[in-house]
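Asks: Provided below for reference: sequence and predicted model.
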Amino acid sequence: MGAVFDEFVRQLAVWEKKYAGRPRDHLIRLCLLALEREELVSIAYREEHIAARLAKMPLPEDVRRTIRHALMWAWKDEEMHAIYIRGAIFRLGSRRLRANAFAKQLAGAVGGWSSSVMQHLRWREAPVSRMMASTLTAFGSLTGQVPEDVKKFLNYGPFRNFCLFNVDAERTAAACWKRMAELAGEVPELPPQTAGDFSRVQQDEENHERIFSMVAEALDEQDNLRPEESAGTLTQKISEVGEFFVPRSERARTNPLGKGGNVWVQKVPPASDKRRAFREFLEASDLSQLLNRRMNELKKNTGEITVAIKAAFMLGYHRADPSPLTDPCLLEELALFLQAHGCGDIAVGEGRNLYDSFYGNRTIASVACYFNIQSPHYRVVDFTEEQAPHAYARGFGHSTVAKTWRDADFRITFGKMRSHPVEMVYLCLGNMEGTGTRNDEFLFAERQAHRETAVMMMMTDFPPDYAILDAFQSTPDRILGIIGSRRPLHPRRFYAGPDALAVDIVAASHIGLPEPRKGSFLRSAIQWFGDPSDSTKVVGCTEPIAEWKGPYHNEISTLLSLVAYPVYQFGSGRGSLFLPEMDEQTFPFRQRANMLTRAGRKVMRILLGFKRPR
């Protein structure tokens, strides 16, 4: 075994004696250690660090791509582990324990940055960063935070050495999570699935150990590929660990997301009728062919196929501002189209959000009725009320899915084009929030998964079969477009295609985001499912939406957008300060806020330029 693992075994023996008969305290000590370690490697394994290092190595491009993808997924796993264990710690204890957890996470982030600089950058490439990292490492060595056996690995050397060091580190992490899983069963205040989650993380760490070992064995001391290895042999070995660790093109089974194909875009002339134009747009797309294909695959007759449509309307707050909503007229027209092409039961579903914590009458049925989202051609479904347990193939913190979405023969995400201060755009992928666990479970410090991770987990197991984007009228722009807009745009456009990711990338490029990785939802989706850009063809309009501003249209808006998420997460009173001017006659406050909170809401509306249209 390696030096890191041997040191952990000795430390574990000490803690076994120290915490004998105190499983909760023992578990907390291990959780804090795990949080620091997971945060450290989630920084040290970052895709950009590994990609930059691989670019310097004398490897064929296909080998470089294979290694990069495998280690990118190790990074994504570690990132998920860090946020999961922090949430678990927050649910265990006091403010003091939370503060300790933040300190450990910060220490891990600093250690991860230092180690990545020391291991992947030469002095001549980044002298200032190297000096800072060397100082931090020396300080850590003096204080006992960086053992001597570890310090000797924290220097620039062959990439093979980096991999061998992490074989030892991943083996150590697996042993830590294994002991945590054993202790979790002895701590009654933890949720029953905690031990199982810890065991899944243990398996992830063991998988990472295998990946690093395979990469190390494939390289020689000069980081050349060994003669007996090739991209094919390395890919085959890595795929045996898990298909996610190899690029999409090398997987036996692929998700429909990321495959590309045609994306239909129509810009409707000013004099044209909205419903007729939308019907013609649907007829021109490949939706009818896909429905027929699905009927044949399932051997179902006309009228037997079931369809679930994920719409957007629960961020609606007042009839005066329909901008956060999928257009009700278009929803009904889609249902009519589906019925005409052999579909039977058609369900339009949404999930509840944070608004029902502050306002009454915010059920799916009542909000749908308020905005006239009702028709004899479909039924409205409350995705929040019908959540069913589901063991997701990847990820943590997300454990349910709406039954209607899960069981549908054909699934459609029908989003509304919106801007977003953090994601920059909020389109068909963002619209998938609400099909699983409530999205407000993933907004604040005690969350156990990032918002985008929760959506990617759900779409891995239950992807949409088709995506439609409403960008016709009342399209909200600028910093808080996700919530609404006093001056919405009217682009008069429709977008559609079988790959929701491809649809979003095309739409994003039309509103000033030519590099999709700049948005966190799109970046995560590309990492999970692959980049469909090269295999995507736009059918129809390719012009940008000239009048679109976005959340970064000036310096003040850019600054506010950059601080939006940390402020919302830690300083918004769990969303209390960022509430729209709700129609309080229909959706009354559950409890009247104090004067300071009411004043804060007014200030935020003025500062962010978000007021209800009059």
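Replies: Nice, thanks for sending it over.
Asks: Please name the residues that touch His377.
Replies: With contacts defined as CB atoms under 8 Å, 6 or more residues apart in numbering, the neighbours of His377 are 332, 335-336, 339, 346. Every residue, glycine included, has its C-beta placed from N, CA and C.
Asks: residues touching Arg438, list them.
Replies: Contacts of Arg438 (CB under 8 Å, 6+ apart): 351-353, 384.
Asks: now the contacts of His377 as JSON lines including secondary structure?
Replies: Output for the contacts of His377, formatted as JSON lines (DSSP: H, G, I helix; E, B strand; the rest coil):
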{"residue": "Glu332", "secondary structure": "helix"}
{"residue": "Ala335", "secondary structure": "helix"}
{"residue": "Leu336", "secondary structure": "helix"}
{"residue": "Gln339", "secondary structure": "helix"}
{"residue": "Ile346", "secondary structure": "strand"}
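Asks: Can you name every helix or strand that the longest helix along the chain contacts?
Replies: Across the chain, the longest stretch assigned as helix under DSSP state H is helix 61-90. Judged by 3 or more CB pairs under 8 Å, 6 or more residues apart in numbering; DSSP states H and E, the packing partners of helix 61-90 are helix 23-44, helix 47-55, helix 95-120, helix 194-218, helix 231-241, helix 520-529.
Asks: now the angle from the longest one to helix 23-44?
Replies: Translated: helix 95-120. 30 degrees (axes from the mean of the first three to the mean of the last three CA atoms, to 10 degrees).
Asks: Could you do the second one as well?
Replies: If you take the same axes, to 10 degrees, helix 47-55 sits at 50 degrees to helix 23-44.
Asks: Buried residues in helix 47-55, which are they?
Replies: For helix 47-55, the neighbour count (16 or more other CB atoms under 10 Å) marks 47, 49-50, 53-54 as buried.
Asks: hmm, back to that, least reliable of the helices and strands packed on helix 61-90 by average pLDDT, please.
Replies: Note on the helices and strands packed on helix 61-90: lowest mean pLDDT is at helix 95-120, with a mean of 85.
Asks: Now the helices and strands packed on helix 61-90 in TSV, please, with extra columns for distance to Asp62.
Replies: Shown next, in TSV, are the helices and strands packed on helix 61-90 (distance: least, CB to CB, whole Å):
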stretch	distance to Asp62
helix 23-44	25
helix 47-55	12
helix 95-120	22
helix 194-218	13
helix 231-241	4
helix 520-529	19
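Asks: Among those, which comes closest to Arg293?
Replies: Of all the helices and strands packed on helix 61-90, helix 520-529 sits nearest to Arg293, with 20.9 Å by CB to CB.
Asks: Name the residues that touch that closest one?
Replies: 47, 72, 76, 248, 255, 257-258, 422-423, 425-426, 429-430, 452-453, 455-456, 459-460, 501, 504-505, 508, 513, 516-517.
Asks: Report the mean per-residue pLDDT for the longest helix of the chain.
Replies: 92.
Asks: where's that helix relative to the chain centroid, distance-wise?
Replies: 13 Å (CA atoms, centre = their mean, to the nearest Å).
Asks: Equivalent analysis for stretch 582-597, please.
Replies: Centroid separation for stretch 582-597 versus its chain: 31 Å, with CA atoms, centre = their mean.
Asks: do stretch 453-464 as well
Replies: Its chain's C-alpha centre and that of stretch 453-464 lie 9 Å apart, by CA atoms, centre = their mean.
Asks: if we can go back for a sec, between the contacts of Arg438, which has the most around it?
Replies: Gly351 (24 neighbours; other CB atoms under 10 Å).
Asks: my guess is that one meets Val401, correct?
Replies: No. Using CB atoms under 8 Å, Gly351 is not in contact with Val401; the gap is 10.8 Å.
Asks: and for the two, which residues touch both?
Replies: 435-436.
Asks: Going by distance to His490, which of the buried residues of helix 47-55 wins?
Replies: Using CB to CB, these come closest to His490 at Glu47, 38.5 Å.
Asks: quick one: contacts for that closest one?
Replies: Applying CB under 8 Å, 6+ apart, the residues near Glu47 are 68, 72, 75, 527.
Asks: which among those residues gets closest to Pro227?
Replies: Nearest to Pro227 among the contacts of Glu47, with distances taken as CB to CB, is Arg68, at 21.8 Å.
Asks: Let me see the contact set for the closest one.
Replies: 47, 50-51, 54.
Asks: got CSV for those, with distance to Lys549 too?
Replies: Converted to CSV, these look like this (distance: CB to CB, whole Å):
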residue, distance to Lys549
Glu47, 30
Ile50, 35
Ala51, 32
Leu54, 38
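Asks: residues near the residue nearest to Val425 when sequence neighbours are not counted, how many?
Replies: Of all residues not flanking Val425 in the chain, Ala508 sits nearest, at 4.9 Å (CB to CB, 6 or more residues apart in numbering). Ala508: 22 surrounding residues under other CB under 10 Å.
Asks: same thing with the one 10 residues further on?
Replies: By other CB under 10 Å, the residues close to Lys518 number 14.
Asks: tell me the pLDDT at it?
Replies: 78.
Asks: shouldn't it be in contact with Val425?
Replies: No. Using CB under 8 Å, Lys518 is not in contact with Val425, being 9.5 Å away.
Asks: Which stretches in the stretch 151-300 of the chain count as strands?
Replies: With strands called from DSSP state E, counting those that start in this stretch, the stretch 151-300 of the chain shows them at 261-267.
Asks: what's the closest non-adjacent residue to the residue most central in space within the chain?
Replies: In the chain, the centroid-proximal residue (CA atoms, centre = their mean) is Glu452; its distance is 1.7 Å. Nearest residue to Glu452, sequence neighbours excluded (CB to CB, 6+ apart): Ser524, at 4.2 Å.
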